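>>> for reference, the sequence and a predicted model appear below.
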Amino acid sequence: AQAKVSEIRRWRESEIVHGRVAMLAALGFIVQEQLEDFPAFLNADGHITGPAIYQFQQVEARGAVFWEPLLLAIGLAESYRVGLGWATPVGNGFNSVKPADEYELGNLGFDPLNLGPKDDPVAWKDMQ
């Protein structure tokens, strides 16, 4: 079966997003494991211990508000990404990415360290 270009663009955007989430999750586990005994880590009473996979439940069990701010932050980030890259839902095209001339897949314009070449599109493509 032949896939439409719009479907391939949507799949590619999804693949980029899921790859970024997976990289952040892997980094999060490493940071949690390594910073558990570090004095500056936000673990004032020393009761958050053990493998990183169980630390979220320990924070929640101690009465800290964790999931609500996390879900709010994720919702805001996703709203920004969807508003930037996804087409306005009209008719049957409710689940489509903006055309290539309006949105480059995965490019959210986020470069806080100013590492990307701004003036040269060819160099930008090479870097990616």
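That came through fine.

>>> can you report phi and psi for residue 34?
Main-chain torsions, residue 34, degrees, to the nearest 10: phi -80, psi -30.

>>> quick one: it from residue 116, how far?
Per C-beta to C-beta, to the nearest Å, residue 34 is found 29 Å from residue 116. C-beta coordinates here come from the backbone N, C-alpha and C atoms, glycine included.

>>> look at the residue nearest in space to the middle of the chain and report its pLDDT.
The residue lying closest to the centre of the chain (C-alpha atoms, centre = their mean) is residue 21, at 4.6 Å. Predicted confidence (pLDDT) for residue 21: 92.

>>> surely it is within a helix?
Yes: Residue 21: assigned to a helix according to DSSP: H, G, I helix; E, B strand; the rest coil.

>>> low-confidence ranges in this structure?
Scanning the chain for pLDDT under 70 picks out the ranges 37-46, 91-93.

>>> give me the distance between residue 77 and residue 17.
10 Å.
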